[in-house]
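[1] how would this look folded up:
(2 chains)
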Amino acid sequence: MLSKKQLFTRGMIDVAPHMLSVIPFGIICGAIGVELGFNPYLVYGMSIIIFGGASQIVYLQLLSGGASTLVAVTSVGVINSRHLLYGAVLSEYLDKLSFLKKLLISYFIVDQGFAESNKFFKKNKTEQHLHYHLIGTGGTLWVCWQVATISGIILGSFVPEELGLKFAIPLTFIAIVVQDLKKLDHVIVMLVCGISSLLFFDAPFKSYILISPVIALFVAALLLRFKK
Amino acid sequence: MTWLSITIAGILTYMTRMTMIALVRRDLLGEKIKAVLAYVPSAVFPAIIFPAIFINDYGVYIDMNDPKIFGAIVAILVGYFSKNVIATIFSGLLSYWFFIFIF
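    Residues are numbered from 1 along each chain as shown, chains lettered A, B, ... in the order given. Have a look, this model is predicted:
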């Protein structure tokens, strides 16, 4: 049986390799926010209030491109809907916690922390204070994300516009999905989404950002049916 | 106004994290919905990637020999084989800059 402190430390160690991608991503996120012309406090505030890298970049990019606030906010919700899946998977291990602790720990659930803690939970089902591992992974990621976005905001004010740093946005998202190119069903879903986004690009309020995922998820549901 | 909308986006994001853990029973999400949710990244992010590459700041399709297409292809290849996030982003940026500043 591991102590709370041991579990917390273990979480920090398990998530450490992800810092290699989280820190540059945070720096890019901060730098792009400034590059797109937003108030630095606002760009940083998102890291605390939303705390979800991809959705923060998308939100700023959409607003700077003239999207309506409603579309931008909704797209944050759509992008982050994957947390529902993480929550459903983790809830099995967090069942015994009090309601208040569940509310607090929920804030720290992010992609990399989920991946590592879930791996650990599966192997150590009998541990009593498992949630300390999740606090270790999530807390570490939180601190790094804050430091990285602040650094990005500071750096971003020095980066000359001619460098076209905005191009880092699609590249960042390519880095997120590129491994799924190995799976044919994912490739189909990606192409459907991408082509729809080009077809509906002129739809009002930049709503292509919502229309395309809906079409792509519909295709994903169809694919799942064929798979069976 | 922007602060307000960020706060709403933040609450919404927090709800996606908290709902399944604290509010509802976990078997509420059927296996089917869970399977579809696993496709969310693939169904969302290309809508950022495609327009950011193929459509320029003025809302017009770019030419096939645009440096952005070159940079994206390099990034996809490097990302696919290296499995490294930083290598993916920087290879794309470097090849894009190479195209712009050296050619």
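[2] Please make it C-alpha for all contacts and neighbour counts, starting now.
    OK.
[3] Next, the buried residues of the lowest-mean-pLDDT helix or strand in chain B.
    Of all the helices and strands that make up chain B, the one with the lowest confidence by mean pLDDT, DSSP states H and E is helix B:31-37; it has a mean of 87. Applying a neighbour-count criterion of 16 or more other Cα atoms under 10 Å in any protein chain shown, one finds B:34, B:36-37 buried in helix B:31-37.
[4] And stretch A:1-20, by the same measure?
    Of the residues in stretch A:1-20, those scored as buried under the neighbour-count criterion (16+ other Cα under 10 Å) are A:4, A:7-12, A:14-16, A:19.
[5] Repeat that for stretch B:94-103.
    Residues of stretch B:94-103 classed as buried by neighbour count (16+ other Cα under 10 Å): B:95-97.
[6] How about stretch A:217-228?
    When neighbours are counted by 16+ other Cα under 10 Å, the buried residues of stretch A:217-228 are found to be A:217, A:219-221, A:223.
[7] Residues touching the helix or strand hosting residue A:78, excluding its own?
    Using DSSP states H and E, residue A:78 sits in helix A:69-80. Outside helix A:69-80, the residues within contact range by Cα atoms under 8 Å, 6 or more residues apart in numbering or on different chains are A:52, A:54-56, A:58-59, A:62-63, A:205-207, A:209-210, B:5-6, B:8-9, B:12-13, B:16, B:40-41, B:44.
[8] any idea how the chain splits into domains?
    Picking chain A for this. Domains of chain A are assigned by automatic domain parsing as A:4-168, A:183-228.
[9] ah, I was thinking of chain B
    B:1-38, B:39-103.
[10] quick one, phi/psi of residue B:55?
    Backbone torsions of residue B:55, given as degrees, to the nearest 10, read phi -120, psi 130.
[11] I meant residue B:29, not that one.
    phi -80, psi 110.
[12] how far away is the residue nearest to it when sequence neighbours are not counted from residue A:137?
    Once flanking residues are discounted, residue B:29 sits nearest to residue A:88: 7.5 Å by Cα to Cα, 6 or more residues apart in numbering or on different chains. Relative to residue A:137, residue A:88 is positioned 18 Å away (Cα to Cα, to the nearest Å).
[13] again with residue B:44
    26 Å.
[14] for residue A:60, same thing?
    Distance check for residue A:60 against residue A:137: by Cα to Cα, it reads 27 Å.
[15] Show me which of the two is the more surrounded one.
    Applying other Cα atoms under 10 Å in any protein chain shown to residue A:60 and residue A:137 shows that residue A:137 carries more neighbours, namely 29 against 23.
[16] Contacts only, for that one.
    With contacts defined as Cα under 8 Å, 6+ apart, the neighbours of residue A:137 are A:8, A:11-12, A:14-15, A:112-113, A:116-117.
[17] Name the helix or strand for residue A:112, please.
    Secondary structure from DSSP H and E places residue A:112 in helix A:111-123.
[18] Any figure for the gap between the residue of chain B most remote from its centre and residue A:12?
    When distances to the mean C-alpha position of chain B are computed (Cα atoms, centre = their mean), the maximum falls on residue B:25, with 30.6 Å. For residue B:25, the distance to residue A:12 equals 29 Å [Cα to Cα].
[19] and what of residue B:60?
    When Cα to Cα is applied, the distance between residue B:60 and residue A:12 equals 46 Å.
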